[in-house]
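Enquirer: build me a structure from this.
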Amino acid sequence: MKVAVFVKATKSSEAGQMPDEKLLADMGKFNEELVQAGIMKAGEGLKPSSEGVRVRFSGTDRTVTDGPFAETKELVAGFWLWEVSSMQEAIDWVKRCPNPMIEESDIEIRPLYEMEDFAESDPTGQIGDQEDDLREQITMLQSQVQPYLFYGGRCEEALAFYEQAIGATVLMKMRFSDSPDPLPEGMLESGFEEKVMHASFRVGKMTLMASDGCGEATAHQGFRLALSVENESVCDRVFTALAEGGNVDMPLDETFWSPRFGMLTDKFGIGWMVMVPGSES
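Expert: Next up, the predicted model:
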C-alpha cells in the first residue's frame, strides 16, 4: 500500500526557522534508511505558507489568497510518499523518525486511494486504463536516453584520450574480470578478460557509457555526438584535439545556424559535431 506521510507545520516552521546541523544530519540518515529499505518513493520539505497561495473554488469562481495562513496546526511543512506492506509498518517507521521540529510536532499518515477503490464508479475499467496510460506517460517523460559506445578493445585508450582532449571525467570503470557473474561460454573473445566491460564518463553536463564490447569487431555508423561549447576559441581547441589521429569531415566554419560548426571522426571511429550555439533569434 502507498501512504502519504505529512510533517505538520509548527510555529518555528511557519517562521522559516531552518533545522540545525544535527537535525539535518539525523533526518538525512533516516531518509537513507527509508531508501535502502525500499520504502521511500519521494519526499520534500515545504517553505512557510507565507510564500504560498490558496485558490478557493466556488462554482465557476476562483479566488486566490496569498499566505501566510493562520491555522498552523492544519498546515503541512513537508511530506514523504512511502510504499509499505501495512499501516502498522508505516507507523513503526514514523516512530523511528527524529522529531522534525524544535518543539512538539505531529506527523500524519494517510493511505492513498488505489484504482480498485473506485471500482463502483468505473464499472468498465476505462478510467483505470486511462490512469495506467497516464502513469506510463509520466514514466517515459522521466526516462533518459544515453549514448553507449563500443570501442572494440580500445575503450581504456579512448577514455584517456577524452580526458586529455575535452576534459572528460571517468566516473566508473569495470573490467570483465571484475564481473560477479560468469559470462556465457564463448561470448568473450580470447584476450579480452581484462578489457573494459562497462564504463561511464561525463563531458560537461552529459554522461555517456562505454565498453570494449566482447571482441574487436565494432562499427560506429549512422550517428554523431554533438558537442556544444559557448566560446569560439575553446571550440577551436576542442575540435583540433578531437581530430588528432582522426579525420576532419567538415572544417570549422560559420554557418547559418552557428558562428562555428565542424564535423570530425576521431581516431576511434566516433563521429562528432562540434559547435558554438547560434543566437535564439
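Enquirer: which stretches of this structure form helices?
Expert: For the chain, helices defined by DSSP state H occupy the ranges 11-14, 21-36, 87-96, 126-141, 155-166, 232-243.
Enquirer: put the alpha carbons of the worst-scoring helix or strand of the chain on mean pLDDT into CSV.
Expert: Across the helices and strands of the chain, mean confidence by mean pLDDT, DSSP states H and E is lowest for helix 126-141: a mean of 89. Extracted in CSV, the C-alpha atoms of helix 126-141 (Å, rounded to 0.1, in the frame of the first residue of the first chain):
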residue,chain,number,x,y,z
GLN,A,126,-12.0,2.5,-18.8
ILE,A,127,-10.9,5.2,-16.4
GLY,A,128,-8.5,2.8,-14.7
ASP,A,129,-6.9,2.1,-18.1
GLN,A,130,-6.6,5.8,-18.7
GLU,A,131,-4.8,6.2,-15.4
ASP,A,132,-2.4,3.4,-16.3
ASP,A,133,-1.7,5.2,-19.6
LEU,A,134,-1.0,8.4,-17.8
ARG,A,135,1.4,6.7,-15.4
GLU,A,136,3.2,5.2,-18.3
GLN,A,137,3.4,8.7,-19.9
ILE,A,138,4.9,10.1,-16.7
THR,A,139,7.4,7.3,-16.5
MET,A,140,8.5,7.9,-20.1
LEU,A,141,8.8,11.7,-19.5
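Enquirer: want to try a markdown table for the helices of the chain, with distance to Thr63 as columns?
Expert: C-beta coordinates here come from the backbone N, C-alpha and C atoms, glycine included. Listed next are the helices of the chain as a markdown table, based on distance: least, C-beta to C-beta, whole Å:
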| stretch | distance to Thr63 |
| --- | --- |
| helix 11-14 | 22 |
| helix 21-36 | 36 |
| helix 87-96 | 35 |
| helix 126-141 | 29 |
| helix 155-166 | 55 |
| helix 232-243 | 53 |
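Enquirer: mind putting those into TSV with distance to Val55 and mean neighbour count?
Expert: Shown next, in TSV, are those (distance: least, C-beta to C-beta, whole Å; neighbours: other C-beta atoms under 10 Å):
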stretch	distance to Val55	mean neighbour count
helix 11-14	20	18
helix 21-36	30	13
helix 87-96	30	14
helix 126-141	23	11
helix 155-166	49	18
helix 232-243	48	18
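Enquirer: how far off centre is the least confident helix or strand of the chain?
Expert: From the chain centre to the centre of helix 126-141 is a distance of 20 Å (C-alpha atoms, centre = their mean, to the nearest Å).
Enquirer: can you flag the weakest of the helices of the chain by average pLDDT?
Expert: Across the helices of the chain, helix 126-141 has the smallest mean pLDDT, namely a mean of 89.
Enquirer: which outside residues touch that one?
Expert: With contact meaning C-beta atoms under 8 Å, 6 or more residues apart in numbering, helix 126-141 is reached by 115, 118, 121-122.
Enquirer: ditto for stretch 247-255
Expert: Contacts of stretch 247-255 (C-beta under 8 Å, 6+ apart): 235-236, 239, 260-265, 271, 274.
Enquirer: just the strands in this protein please.
Expert: Taking DSSP state E as the criterion, the chain carries its strands at 2-8, 40-45, 53-58, 61-66, 76-83, 107-111, 148-150, 169-175, 196-203, 206-211, 225-228, 247-253, 260-265, 271-276.
Enquirer: export those to a markdown table and tack on mean pLDDT, mean neighbour count and distance to Arg135?
Expert: Shown next, in a markdown table, are the strands of the chain (pLDDT from 0 to 100; neighbours: other C-beta atoms under 10 Å; distance: least, C-beta to C-beta, whole Å):
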| stretch | mean pLDDT | mean neighbour count | distance to Arg135 |
| --- | --- | --- | --- |
| strand 2-8 | 96 | 19 | 12 |
| strand 40-45 | 94 | 13 | 13 |
| strand 53-58 | 94 | 9 | 26 |
| strand 61-66 | 94 | 9 | 28 |
| strand 76-83 | 96 | 18 | 14 |
| strand 107-111 | 96 | 15 | 18 |
| strand 148-150 | 95 | 17 | 27 |
| strand 169-175 | 96 | 14 | 31 |
| strand 196-203 | 96 | 19 | 29 |
| strand 206-211 | 95 | 17 | 26 |
| strand 225-228 | 95 | 15 | 32 |
| strand 247-253 | 96 | 13 | 44 |
| strand 260-265 | 96 | 21 | 41 |
| strand 271-276 | 96 | 21 | 36 |
